[in-house]
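Trainee: Generate coordinates for the sequence data below:
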Amino acid sequence: MVKLRLQRFGTKKRPFYRVVAADSRKKRDGRYLEIIGTYDPTLEPAFIKIDNELAKKWLKLGAQPTDTVKSLFAQTGILSEFLSEKKSK
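Mentor: A predicted model of the protein is given here:
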């Protein structure tokens, strides 16, 4: 099963994340299939950069986003776009 989840980078108390598509059986910071975007919660406001097309591609293929990634998708509007496209078909 493929999950869309965060992969942690940065130093202690200075986290920086990549949003990746990864096999759910792999470690959190282990091997991934594709990088979808980045997320930096240390900035004010938090920096979120996600490739819409890649995110929608993985969602169409059945990848399950984690709770945090789902909230990031909702903040950037990807989730609502995906659901409206899915509903119109």
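Trainee: All the strands of the chain, residue numbers only.
Mentor: For the chain, the strands defined by DSSP state E cover 2-11, 14-23, 34-40, 47-50, 64-65.
Trainee: The last one packs against which elements?
Mentor: In this structure, strand 64-65 makes packing contacts with strand 2-11, judged by 3 or more CB pairs under 8 Å, 6 or more residues apart in numbering; DSSP states H and E. Placement of C-beta: from N, CA and C, glycine included.
Trainee: pLDDT on the strand it packs on, on average?
Mentor: Strand 2-11 carries an average pLDDT of 94.
Trainee: Just the buried residues of it, please?
Mentor: Judged by neighbour count (16 or more other CB atoms under 10 Å), strand 2-11 contains these buried residues: 2-7.
Trainee: What of stretch 17-34?
Mentor: Burial within stretch 17-34, assessed by neighbour count using 16+ other CB under 10 Å, is assigned to 17-22, 32.
Trainee: out of the residues you listed, what pair is the most spread apart?
Mentor: Using CB to CB, those span at most 13.9 Å, a distance reached by Tyr17 and Ala21.
Trainee: Who is the residue nearest the centre of the chain paired with across the strands?
Mentor: The centre of the chain sits closest to Val19, judged by CA atoms, centre = their mean, with a distance of 3.9 Å. Beta-bridge pairing for Val19 (DSSP bridges): Leu6, Gly37.
Trainee: what do you get for the one 4 residues further on?
Mentor: Beta-bridge partners of Asp23, counted by DSSP bridges, are Val2.
Trainee: Identify the residues contacting it.
Mentor: The contact partners of Asp23, by CB atoms under 8 Å, 6 or more residues apart in numbering, come to 1-3, 31, 33.
Trainee: Same question for Leu79.
Mentor: Applying CB under 8 Å, 6+ apart, we find Leu79 in contact with 70, 73.
Trainee: hmm, back to that, wait, which of the buried residues of stretch 17-34 is closest to Thr42?
Mentor: Checking those against Thr42 with CB to CB, the nearest one is Tyr17 at 10.3 Å.
Trainee: quick one: pLDDT of that closest one?
Mentor: Looking at Tyr17, its pLDDT reads 95.
Trainee: I figured it hits Gln7, correct?
Mentor: Yes. The criterion here is CB atoms under 8 Å, and Tyr17 meets it with Gln7 at 6.4 Å.
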